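Participant: Need coordinates for the following:
(2 chains)
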Amino acid sequence: MKWVPDTTAYDETFDRSAAARPHYRPLVATLESFTQAEIDRRERLQKISLVDQGITFTVYGEKDGLERIFPFDFVPRIIPAREWERIEAGLVQRVRALNLFINDVYQDQRCLKDGVIPPELVLSRGEYKRELLRLTPPRQIYTHVVGTDIIRNDKGEYLVLEDNCRCPSGVSYVLENRNLLHRVFPEFFTRYPVRPVREYPRLLLDALLWAAPRASENPVAVVLTPGMHNSAYFEHSFLAREMGAYLVQGRDLIVEDSYVYMRTTGGRQRVDVIYRRVDEDFLDPLTFRRDSLLGVPGLVNVYREGNVAIANAPGAGVADDKAVYAYMPALIKYYLGEEALLAQVSTYVGLRKDDFAYMREHLAELVVKTTGDSGGYNMLMGPFAAKKEIEAYLAQMKKAPGSYIAQPLIELSSHPTYVGGRFEPRRIDLRPFILYGETIRVLPGGLTRVALREGSYVVNSSQGGGSKDTWVLAARGS
Amino acid sequence: MLSRVADAVYWMGRYLERSENITRLLLVTEDFSTETQGLAEQVAHSAWKDLLAIFPSAQVAPAASAFAPMSQAYLVGFFLDPGNPYSVHYSLRKARENARSVREALTVEAFLAINETFRALDGHSRRGLTDPTALRDALGATHKGLFATIGAIEHTFTRDESWLFLKLGESLERAYRTALVLRAKLPALGAAEPRADVALYYTQWRTLLRALGSLENYRRSYGARLEPELVVPFLLFDPYSPRSLRYGTEAVKDYLERLAGEPGPALRVVGRLHAELSYHDGGVAAGGEQAVFLDRVVDVMIQAHDALSTQYFAT
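Facilitator: Purely as a prediction, here's the structure:
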């Protein structure tokens, strides 16, 4: 067995003297009991299993082999109970604040009037939906499902990198990764109290039905998908199946007399809650993008009438803007009167003149992102970019400074990953999933994504990332 | 259930049945053509040509080598060619696509079986398999995979509407295709005289029974006697053999009845055909009437399909 510990980043498994950290010792010992041949055999088994089960995602812009498997690395990421308690509390706090912020933006806009956050930063964004002003969603919940990306810096400190308040994806892999690891390396589980993740679909359904506007015995929740060509289709179908909910496309729904119905073989059936996995701009061609074929004409009107709940609520995207992120500690303080429990990455906002001046001068040290994009698209990794690339990017930035933010490069923590027959450090992040129903609940762990390419910082599935099973250990005595 | 999902499982049923049909016909015709090619090349040829009438494909590429058996080009074209809309590859891909588009409505076991079977077949297609023995092996494996899929469906599906639409697609495709097989094969077989080559003559009738998955069932009723006067009524009217026209029509009728309380247009046409098959006086099986009757069966199934689409899928 060959281990190659990391020398620069915070290594999750090994300390500076290359000794395994206490919570990783049983795992390392177990792995060392395997021969290389046996590990290779198990790895093959795991790949075959993924393909046979059709656990795939779709890569945009590729003609051939549209369906790809999301590579899985079998070395689990382990989070001790006490570390997780702090993360969990921080996430609950954050989601409460995010939701209060969105409510405020669409109601009285106190935070703008009180100068907590510059109005133009919120009101000029595409994610801010003027059409939804003064509209209250059922139970005043905008963010039924949030995926918050967390990284660890070189000291091992957990930092929030961004919040995804629209349609965060990846949770199906959390569940499937656990299944897969059970099957491929059952030995790993014998010496750890790993908290289960199986309950997620039930918790999600509870959270969705909590928002149902009609007091009905059997409210109907559906999952709205753009269809099987969407990159996350596997997940849409997986969640619908696991929740026992209908998986619908825009063309399956119809609006009539201020209600939403599904077209069924027995006629029309009323829908109470829509878990939409369609981008909000495509939800309703009458309100948002007119060219949308994925949406349901008139849906927003039904929502306005209070006859359907949409999760996450339209307009929620205003909170996961990368520039709003910079103000999150202030917003938490403003709404909750508390200090943020989770730290975050210091951020330069292009809209602020001083910040932009700093960004221009220090592009080569910064990671620059556009406020509208996600999935690792359209970003500049200053420290790794060629001079020409930086200049071209700067020219773009000057056209719309307000659309850019910049952060120092954080040395993501590394984790042993099986690559080419040995364990090498690869950078990882963590996306926990937070559900907002009657209470706010966090799925233990989340999706650990890993940058499989050596030295890479980009963990997105669309850019050569893979994933790992994530273990939260149960506290002793619980 | 959602109309779109009903539509997809219905087609999944049709394409699964079609894949199994083509696979079986290929296996049977290959046997027949290997056996008869040296004896009577024309007869072997027409067996393959019949396939083009049953599955109206565009064309079949010529064989790669002069020594290759004539079956090779047909096997490649009808088994592996992704572009032939009546190849097993095409049909199974469609079945899987429909399955994938409504995966939430299926059981995990059924999806796994269909996914694995298609992936194995797709691998053969990508590798461009041409060796006759390898093709046969692959056909056999695909046939098994299809039965595994059908078995998974039978054993795991809850008997709700999705299951009914799936079975409806399967039974309608079966009755429709059986009528087409009989329509293509019976006229020439009926016209042939048993004098010329007795062995070949019986081989053809036996092959017809095998092509419709009915040889063993026929033997259970009539033993080894292979008389056209027995075979044709068996394939048309036998109440127990799952591939007789009567049985197939009855299945379509049953599923339609379970779907709708009162008879719609689809049930009316299928019900009348079923009555005819159940209470026949043997007339339609007679030489002169066969073709007209079989054409009508084909027509009834097309009408039933159209009526279904209007009533359930285009709501």
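Participant: Could you pick out the residues of chain A near chain B for me?
Facilitator: Residues of chain A lying close to chain B by Cβ under 8 Å from any Cβ of the partner chain are A:51-54, A:227-228, A:237-238, A:240-241, A:245-249, A:251-252, A:262-267. Using the backbone N, CA and C atoms, a C-beta is placed for each residue, glycine as well.
Participant: If any of the residues you listed are buried, give me the ChimeraX selection for them.
Facilitator: Buried members of the residues of chain A next to chain B, defined by 16 or more other Cβ atoms under 10 Å in any protein chain shown, are picked up in ChimeraX with:
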select /A:53,54,228,237,238,240,241,245,246,247,248,249,252,262,263,264,265
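Participant: mean confidence for stretch B:247-262?
Facilitator: Averaging pLDDT along stretch B:247-262 yields 92.
Participant: Which residues of chain B lie near chain A?
Facilitator: Residues of chain B lying near chain A (Cβ under 8 Å from any Cβ): B:1-4, B:6, B:97, B:100-105, B:111-112, B:115-116, B:119, B:161, B:165, B:259, B:312, B:315.
Participant: Mind checking which of those residues land in helices?
Facilitator: The members of the residues of chain B next to chain A that map onto helices under DSSP state H are B:3-4, B:6, B:97, B:100-101, B:111-112, B:115-116, B:119, B:161, B:165, B:259.
Participant: how about these, which pair is most distant?
Facilitator: Within these, two members stand farthest from each other by Cβ to Cβ: B:Arg119 and B:Leu259, at 32.5 Å.
Participant: if you count what's nearby, which of those two comes out ahead?
Facilitator: Using other Cβ atoms under 10 Å in any protein chain shown as the criterion, B:Arg119 and B:Leu259 rank with B:Leu259 on top: 21 against 14.
Participant: wait, what's in contact with A:Pro444?
Facilitator: A:84, A:195-197, A:472 (Cβ atoms under 8 Å, 6 or more residues apart in numbering or on different chains).
Participant: Look up which residues are beta-bridged to A:Ile274.
Facilitator: Applying DSSP bridges to A:Ile274 gives these bridge partners: A:Val222, A:Ile310.
Participant: That one against A:Asn312, yeah?
Facilitator: No. With contact defined as Cβ atoms under 8 Å, A:Ile274 does not reach A:Asn312; the gap is 10.3 Å.
Participant: re the thing from before, what about burial for the residues of chain B next to chain A, which qualify?
Facilitator: By neighbour count, with 16+ other Cβ under 10 Å, the residues of chain B next to chain A hold B:1-4, B:6, B:100-105, B:111-112, B:115-116, B:161, B:165, B:259, B:312, B:315 as buried.
Participant: pull the longest helix from chain A.
Facilitator: Secondary structure of chain A per DSSP H: the longest helix is helix A:81-106.
Participant: how about low-confidence regions in chain A?
Facilitator: Scanning chain A for pLDDT under 70 picks out A:1-2, A:54-67, A:372-376, A:461-462, A:477-478.
Participant: Let me see the domain layout of it.
Facilitator: Using automatic domain parsing, the domain ranges for chain A come out as A:22-345+A:410-472, A:346-409.
Participant: Need the winner for burial among the ones you listed.
Facilitator: The highest mean neighbour count among these, using mean count of other Cβ atoms under 10 Å in any protein chain shown, belongs to domain A:22-345+A:410-472: a mean of 19.
Participant: Okay, now that one: how far is its last residue from its first?
Facilitator: Start-to-end span of domain A:22-345+A:410-472 (Cα to Cα, to the nearest Å) is 15 Å.
Participant: got the domain boundaries for chain B?
Facilitator: Structurally, chain B divides into domains by automatic domain parsing as follows: B:1-157, B:171-315.
Participant: Comparing these, which comes out most buried?
Facilitator: domain B:1-157 (a mean of 19).
Participant: average pLDDT across that domain?
Facilitator: Domain B:1-157 carries an average pLDDT of 90.
Participant: End to end on that domain, go ahead and measure it.
Facilitator: In domain B:1-157, first residue to last residue: 15 Å (Cα to Cα).
Participant: those helices in the stretch 151-300 of chain B, which residues are they?
Facilitator: B:161-191, B:198-211, B:215-222, B:228-237, B:245-259, B:265-278, B:287-308 (DSSP state H, counting those that start in this stretch).
Participant: Where among those is average confidence lowest?
Facilitator: Taking the mean pLDDT of the helices of the stretch 151-300 of chain B, helix B:198-211 comes last: a mean of 88.
Participant: orientation of that helix relative to helix B:228-237 in degrees?
Facilitator: For helix B:198-211 against helix B:228-237, the angle by axes from the mean of the first three to the mean of the last three Cα atoms, to 10 degrees is 10 degrees.
Participant: which residues touch helix B:198-211?
Facilitator: B:24-25, B:28-29, B:31-32, B:35-36, B:39-40, B:43, B:47, B:181, B:185, B:189, B:192, B:194, B:215, B:218, B:226, B:228, B:231, B:235.
Participant: who are the neighbours in contact with the nearest residue to B:Arg177 once chain neighbours are set aside?
Facilitator: Excluding the flanking residues, the one nearest B:Arg177 by Cβ to Cβ, 6 or more residues apart in numbering or on different chains is B:Asn21, at 5.2 Å. In this structure, B:Asn21 makes contact with B:173-174, B:177, judged by Cβ under 8 Å, 6+ apart.
Participant: ok, these vs A:Glu280, which is closest?
Facilitator: For the contacts of B:Asn21, the nearest to A:Glu280 is B:Glu173 (41.5 Å; Cβ to Cβ).
Participant: Check the contacts of A:Pro444 and tell me the two furthest apart.
Facilitator: Farthest-apart pair in those is A:Trp84 and A:Pro196; separation 13.8 Å (Cβ to Cβ).
Participant: and the longest strand for chain A?
Facilitator: Longest strand in chain A by number of residues (criterion: DSSP state E): strand A:422-431.
Participant: Does anything pack onto that one? Which helices or strands?
Facilitator: Helices and strands touching strand A:422-431, by 3 or more Cβ pairs under 8 Å, 6 or more residues apart in numbering or on different chains; DSSP states H and E, are strand A:72-79, strand A:145-152, strand A:414-419, strand A:447-451.
Participant: Fine by me, thanks again.
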